[in-house]
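Trainee: sequence and predicted structure below; questions after.
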Amino acid sequence: GEAVRRAQPLALDMASKPRFTGLWAPTSAPVGAAGTKPSVNASALGRVMRHVAAHNKVVECEELWDAHRRQQQQESAHPAATDPRARPPRGQDG
C-alpha cells in the first residue's frame, strides 16, 4: 500500500542517479545497457597503477635479497668452489 507508493519514487530516483563504483566513473546509463561503455576514473586508476608499481619493486627487491643470501650461504659453506681466485693447494693442481 502506502509503503510501496513511497518506495517507488525513491527507487526510480536512485536508479537515475550516477553511481560510483571504485575505478569506474559515475555513469547515468543503466547497468548493462546496450552500447554503453563505463568510463574509468583516471585518478583512481593512477593510484592503483602506482600501488602496483611500488608493490612490484618491493617483491623484486625481496627476491634479489633472497638470492644474495642464498649465494652468501653457499660461499660460506664452500668458499673454494665459488671463488674463482681460489687455487688448489700446492701439489694438487692436477
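Mentor: Okay, I see it. Residues are numbered from 1 along each chain as shown.

Trainee: which helix of this structure spans the most residues?
Mentor: helix 42-77 (DSSP state H).

Trainee: mean confidence for that helix?
Mentor: Helix 42-77 carries an average pLDDT of 95.

Trainee: so which elements touch it?
Mentor: helix 79-82 (3 or more Cβ pairs under 8 Å, 6 or more residues apart in numbering; DSSP states H and E). Bear in mind the C-beta positions are built from the backbone N, C-alpha and C, glycine included.

Trainee: and with 7 Å instead?
Mentor: For helix 42-77, there is no helix or strand it packs on, judged by 3 or more Cβ pairs under 7 Å, 6 or more residues apart in numbering; DSSP states H and E.

Trainee: what residues of it count as buried?
Mentor: Neighbour counts over helix 42-77 (16 or more other Cβ atoms under 10 Å) mark no residue as buried.

Trainee: pull stretch 38-57 out as CSV, backbone CA atoms only.
Mentor: C-alpha atoms of stretch 38-57 as CSV (Å, rounded to 0.1, in the frame of the first residue of the first chain):
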residue,chain,number,x,y,z
PRO,A,38,31.9,2.6,-18.5
SER,A,39,34.4,5.4,-18.2
VAL,A,40,37.4,4.9,-15.9
ASN,A,41,38.1,7.3,-13.0
ALA,A,42,41.6,8.4,-14.1
SER,A,43,42.8,9.5,-10.6
ALA,A,44,41.7,6.1,-9.1
LEU,A,45,43.3,4.2,-11.9
GLY,A,46,46.5,6.2,-11.4
ARG,A,47,46.6,5.4,-7.7
VAL,A,48,46.2,1.7,-8.4
MET,A,49,48.9,1.7,-11.0
ARG,A,50,51.3,3.5,-8.6
HIS,A,51,50.4,1.0,-5.9
VAL,A,52,51.1,-2.0,-8.3
ALA,A,53,54.4,-0.5,-9.4
ALA,A,54,55.5,0.0,-5.8
HIS,A,55,54.4,-3.5,-4.9
ASN,A,56,56.4,-4.9,-7.8
LYS,A,57,59.5,-3.1,-6.7
